Every structure is written in structure tokens, then in C-alpha cells.
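**Q** Generate coordinates for the sequence data below:
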Amino acid sequence: MVSAKIEPTVGLVTRPGVLAIIALVLLSLPAVADLAKPGFYTSHDGETHTARMAQYWQAMVDGQIPPRFAGTLYNGLGSPILTYIYPLPYFAGSLVHSLGFSFTDSFEIIMALGFIFSGIFSYLWLKEVFQSDRAAALGALFYMWVPYRFLLIYVRGSISENIAYTILPLLFYCLTKLQQKSNPLWTAATALSSSLLLLSQNLVALMFLPIIGIYVLLLAFAKKSPRYLVLTIASGIWAISIAAVTYLPAALERKFVRFDEVYALTYLDHFVSLKQLIHSPWGYGFSLTGFDDLMSFQIGLAHLLVLGIFLLILAFQVLSKFKASANTRVLSLFFTLVVATTVILMIPTRATIFFWQHFEPITRIDYPWRLLGLTTFALSFIAAYVAKAAKPGLIFIFLVAAVLIANRNHLRINLPAYFDDKFFLNYTNTATQLGEFTPKWRQSTRVPIGFDPATHVELVSGNAKIENVTAISNEVTFDTQVNSDSARVRINKFYFPGWGVQVDGQKLTPFKDLIITDTNTLLLDVEQDASGLMMINLEKGEHQISARFGETKLRLFANLLSLGSLVLALGVLARTNIGHRQRSEGS
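**A** Model prediction:
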């Protein structure tokens, strides 16, 4: 009786696929072990990402669903940053925080889980392509253990890119399954995984868009299936609908912030040299103008080695007329082309600079070295191809050892740091690099220094008493007793479409009876820090004032579109799975 119960479990654990996933998880642990150290750690963006997470969580607590306005940024003046940025990292972090973890612990947990699941998802994808546990395992290991991934975690602290590179192989897995089974289940799964990529990091999604498109075309051609092509296009539209909550405002309300102004020519200062791509010292500093950067942009010695082995194998197969799978060979050649193209685009030759200057979409990628993500993704596929084609097991073992040894010095934090939750909940900086989400009515992108974050309302002129002030991220309410004929009161929050101000129940019209402080109302040479705020004129007597941030019609439409599209996708998945279970039980 006992043995009969145990046998299925033993069989499950000894399956090659399960063993491969367990091995990948075990090999992930030393790579993320430093994230388990007490406290936080220094990085380029870890502090600002954690501040965004805290602001996102607080916005949800304050009833902003979805979060749009961060209340304490810009020294308490607030910021519409949550309207524009990718929400998935901060939503995931907020969920972990709600379980009782600190914000810094939540950041590190999401980082570690992202790394681990990126290996699992890439294994699942590559297993579908190569039908080989060994090939999928090696490709997944090369996808995780690569300098650029450790750069994201330990140097840059980019939780958004780390999550995006977790979702990517899941999307490619769904695309591959959709080719095999062109049905509603995998159409919905592809839509969901695509939307997760869009909501995790928009730049990574932009960079991979042509790669995804060509991959789909190659799979459609291999299967000779117009239906597959139609379903992938449908899933893409579906994904954009799910992600509309962020992308519609980001596209159509972009004119309200300073993003395009501050990011215009950033890319020109951040090309890399071929020497840096081959090998550059590991460092925790920043990307600088020229080639004297204080961080490493190496592709990875083991990854360059596997590329060399792949080219030798390919040459041997061509000369010996070896009959490899046409599909995997075409895909491997495609990903080799991706490696070559991304390397060329990162090096500042005359042709490269000309391309960057005249092909506007690529300039959205502010740092050319971000293309390393594409390079390393492509090389993980090539590593899988090598494991599939090279029959001797010693080559597999050698490459596993090579990738682990080559990256052994990239697994550490730089310096420990300590921040409590209060620090992030009351974060007063911009939580951005260049103040790119500053409202356009603001005359400066800098953080104001003349404001007390706790002072939400100020008397500008006249004789009045302000009392009963209450403030949360999306609301400020107060009472006034105006003793002079009139008084002018300023609400120390950035104006942004969505703010509605009422005086004694009467809504004020922005730029009319609701004054937005600008060149017409301020002496900007001495009052620049007060620009972009909301100001009201009050008559003598008692008044009740409320300022609440809500959704514009566009944002409300985006919310409803995203919710409906998400519910539809989840419904298709649930209904398909229930139907599959019923058919299994019936048989």
C-alpha cells in the first residue's frame, strides 16, 4: 500500500525535465545568495525603484486603483510618474510587502524570484524548440549566468529589466506552443505573457519587438500556417488592450510631461567599444561619456566561447551535409544574426551613428549598451543548439563549468545599505534619473528646496486662517476662515490633468478660477520652485476646500479596456482548462 502511493511521486521526480528544473533552481541559489544578506545594497537604481514601489503601495492604500499620482515626490509636491511607468515590478513588490516584508526585502525577493523563474521559463521554451532536456538546460543556464543579468541585479539594481527578462522566455514559450496548437488557450496565454512584458519594462519590449516579429514569421513559415500568423497578431492586439491602463495615457498624455525634452540625445554618450564587449573589468560605477566606463559591458567569455563552438559545428554540418532540423538551424542562424546586429549597433562607427540619428524609434533606447540584453538572449538559444548538436557529454559538462566559472566574480553586492520603510514612504526626490515626468507647467525639473513636505497648503496673500488640513497621495482637504476682503491660497501639489478642486462644493475650472502658477502669476527668477502648483482666490468668510486626483476620460477608458481584456483572457484560460479536465474525466 505504501509503495503504491510513493511510486507516482518518485516517477515524477526522476523525470529528466523535473531534474533539469531542480538543477537550474539549485544553480540559481548561489547567484542570488547575496540578496539574502541583511539590509539593502548600493546600486544605480535600486533606491529609486524601491521608492516607486513604496509610492505605488501607498497610492493603492489611499484608494488609487490603479495608482497614478505619487504623493511625496518632489519634496511633497507629488508626481504623475505612476501614470507613465511600467507597473508590474511595483505591483509585484507591493504584493510581497503586503505579506509583511519590508520594501527593501520585497525588492530583493522579486529580484531573486525573477532570476530563478527566468531559468525555468527559458528551459520550458527551449525544450519545446529542441525537444532535448540537455539542450534546454544548457540554454537556460546560459540565459541566467551571464554578466548582463548580474549587472542588472547587483550593479544597476534594475528590477524592471530583471522582470522583463524573466517574462521574455515565457512569451517565446507561448509563441512556440501557439504554433503547435493554434487554439484559444495559447492565444490567450500569448496575449497575457505579451502584456506582462509590456507592463514590466517598455524599453525591453520595444527592443524585442522586431525579434519577436521575425521569430513569429519564421515559425509561421515553418508550419506554413496563416492561421498561426493571424492568431499571433490577434494576441498582440489583445496584449496591448490589457496593457492599455499604462500605454494609452503614456502615448496620448505624454505631452503633459517633459520626457521627450530631457531624453532627446542621451544615446550619443553611451556607445561601447569592441574591447569592452569582449572583456572589461567588473565595476559598480556608472556609464560615462566615452569608453572609460566604471561598469562592465562584457558579453561573457563563456558566451563568446559557445558562439565560437557553434560556428565550428555549423561549418562542420555544412561541409559534411549533416541533416539537422531545418527549423532549429534557421532559428539558430537568425539568433546569430541578432548577436551580430546588436554588437554592431553598440559600437560607434560612422554607419552606426548615422543609423541612430536617422531611425527615430531606436533613439527611445537611451543607452545603446542596453542591446546586450538581446545579445545574451540570442546566445542562450545558440548554447542550446550547441548542446543539441554536440553529442559528447563532456562538451556539455565543460560548457556548464565554463559559464559558472566565468561568472563567479559577478555574484556580489558592492556595499551594504540600510533604509527603513519610512524613508521610502516619505521619499522626497524625483525617483527618476532626469526628472522626465515633471509636469510641463513646471519651469524646472529640479526638486524644490524651499518647501516643507508637511505643508500642503499655504496662504499666499490676504488674511486667512487655514485649519483641519488632511492630505494623502491623491487628496488634500482643508477649511479656511478669510478675514480680509479676499485671500489667495496655494495647494502645494503639482497640477496635472485629473486634479479636481472644489470650493464649498463648487468645482473650479483649471486655468480659469483654478490658477496654475506659471510665468503670469510668479516672479520666476525668485519663485521658480513654486511653478506648476494650484492656487485659488477666496472671498471673505468660511470655506471648505477639497482637491482630489481622479481619472481623466482617457484614463478611465484605458482602465475599463484593460480590465475587460484581462478578464476575457483569464476567462478563456479557465474555461479551456475546465473543458480539458472534464474531457479527461469523461474518457
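
**Q** Quickly list what M535 is bridged to.
**A** In this entry, M535 is beta-bridged to R490, I515, by DSSP bridges.

**Q** actually I472, not the one I wrote
**A** Applying DSSP bridges, one finds that I472 bridges with E475.

**Q** Compute the distance between it and V457, please.
**A** 14 Å (Cβ to Cβ, to the nearest Å). Quick note: C-beta positions are derived from backbone N, CA and C, even for glycine.

**Q** got a list of what Q528 touches?
**A** Q443, S444, L522 (Cβ atoms under 8 Å, 6 or more residues apart in numbering).

**Q** Please parse the chain into its domains.
**A** 31-425, 457-549 (automatic domain parsing).

**Q** now the residue nearest the centre of the chain: how far from K553?
**A** By Cα atoms, centre = their mean, the chain has its centre lying nearest to Q201, at 2.6 Å. Taking Cβ to Cβ as the measure, Q201 falls 28 Å from K553.

**Q** For the stretch 401-550 of the chain, give me the ranges with low pLDDT.
**A** 519, 523-526 (pLDDT under 70).

**Q** Give me the neighbour count for the closest residue to L404 other than its chain neighbours.
**A** Counting by Cβ to Cβ, 6 or more residues apart in numbering, W145 is the residue found nearest to L404 once chain neighbours are left out, at 6.3 Å. W145 sits with 29 neighbouring residues when counted by other Cβ atoms under 10 Å.

**Q** Which parts of the stretch 1-150 of the chain are helices?
**A** 2-13, 16-32, 46-61, 81-84, 88-97, 103-130, 133-144, 147-150 (DSSP state H, counting those that start in this stretch).

**Q** Ok, which of these comes nearest R329?
**A** helix 103-130 (11.3 Å; Cβ to Cβ).

**Q** average pLDDT for the closest one?
**A** Here helix 103-130 scores 98 as its mean pLDDT.

**Q** buried set for that helix?
**A** 103-130 (16 or more other Cβ atoms under 10 Å).

**Q** do you know how far M534 is from G500?
**A** Relative to G500, and taking Cβ to Cβ, M534 is found at 10 Å.

**Q** Need the residues touching each of the two.
**A** A547.

**Q** Settle it for me: which of the two has more neighbours?
**A** Taking other Cβ under 10 Å, M534 and G500 do not tie; M534 has more neighbours (23 against 13).

**Q** Skipping adjacent residues, who's closest to the more buried one in space?
**A** Distances taken as Cβ to Cβ, 6+ apart put I491 closest to M534, at 4.4 Å, once the chain neighbours are dropped.

**Q** And for K177?
**A** W186 (4.9 Å).

**Q** What are the neighbouring residues in contact with that neighbour?
**A** Taking Cβ under 8 Å, 6+ apart as the test, what W186 contacts is C174, K177, L178, L231.

**Q** How about A112?
**A** V32, L35, A36.

**Q** between the residues you listed, which is closest to T42?
**A** Closest to T42, out of all of the contacts of A112 and judged by Cβ to Cβ, is L35, at 13.3 Å.

**Q** That closest one against S106, yeah?
**A** No - counting by Cβ atoms under 8 Å, L35 does not reach S106; the two are 11.5 Å apart.

**Q** Need the residues touching each of the two.
**A** Joint contacts of L35 and S106 (Cβ under 8 Å, 6+ apart) do not exist.

**Q** gap between the residue nearest to W499 when sequence neighbours are not counted and L73?
**A** Leaving aside its sequence neighbours, W499 sits nearest to F549 (Cβ to Cβ, 6+ apart; 5.3 Å). According to Cβ to Cβ, F549 stands 13 Å off from L73.

**Q** Neighbour count: these two, which is higher?
**A** Neighbour count, other Cβ under 10 Å: between F549 and L73, L73 has more, with 27 against 23.

**Q** for that one, what are its contacts?
**A** Here L73 is in contact with A51, Q55, S79, I81, Y427, T428, N429, T430, A431 (Cβ under 8 Å, 6+ apart).

**Q** Filter those down to the buried ones, ChimeraX style.
**A** Per 16+ other Cβ under 10 Å, the buried members of those correspond to this ChimeraX selection:
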select :51,55,79,81,427,428,430,431
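
**Q** that older thread, mind giving me TSV with the helices of the stretch 1-150 of the chain and columns for distance to D420?
**A** Listed next are the helices of the stretch 1-150 of the chain as TSV, based on distance: least, Cβ to Cβ, whole Å:
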stretch	distance to D420
helix 2-13	42
helix 16-32	23
helix 46-61	11
helix 81-84	22
helix 88-97	13
helix 103-130	9
helix 133-144	31
helix 147-150	27
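
**Q** Out of those helices, which is closest to F40?
**A** Nearest of the helices of the stretch 1-150 of the chain (Cβ to Cβ): helix 103-130, 4.1 Å.

**Q** List only those of the contacts of W186 flagged as buried.
**A** C174, K177, L178, L231.

**Q** Pull the distance from the helix or strand where the third one lies to the chain's centre.
**A** Mapping L178 onto the secondary structure by DSSP states H and E places it in helix 159-180. Here helix 159-180 shows a centroid-to-chain-centroid distance of 13 Å under the convention Cα atoms, centre = their mean, to the nearest Å.

**Q** Can you give me the buried ones in that helix?
**A** 159-179.

**Q** Restrict the helix or strand following that helix to CA atoms and write it as PDB.
**A** Using DSSP H and E, the helix or strand that follows helix 159-180 in sequence is helix 184-200. Coordinates of the C-alpha atoms in helix 184-200 are reproduced here as PDB (Å, rounded to 0.1, in the frame of the first residue of the first chain):
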ATOM      1  CA  PRO A 184      -7.800  29.900 -27.900                       C
ATOM      2  CA  LEU A 185      -5.900  28.600 -24.900                       C
ATOM      3  CA  TRP A 186      -2.500  29.500 -26.300                       C
ATOM      4  CA  THR A 187      -3.800  32.700 -28.000                       C
ATOM      5  CA  ALA A 188      -4.900  33.900 -24.600                       C
ATOM      6  CA  ALA A 189      -1.700  32.700 -22.900                       C
ATOM      7  CA  THR A 190       0.400  34.600 -25.500                       C
ATOM      8  CA  ALA A 191      -1.700  37.700 -25.000                       C
ATOM      9  CA  LEU A 192      -1.200  37.500 -21.200                       C
ATOM     10  CA  SER A 193       2.600  36.900 -21.400                       C
ATOM     11  CA  SER A 194       2.900  39.700 -24.000                       C
ATOM     12  CA  SER A 195       1.000  42.100 -21.700                       C
ATOM     13  CA  LEU A 196       3.200  41.100 -18.800                       C
ATOM     14  CA  LEU A 197       6.300  42.100 -20.900                       C
ATOM     15  CA  LEU A 198       4.700  45.400 -21.800                       C
ATOM     16  CA  LEU A 199       3.900  46.200 -18.200                       C
ATOM     17  CA  SER A 200       7.300  45.100 -16.900                       C
END
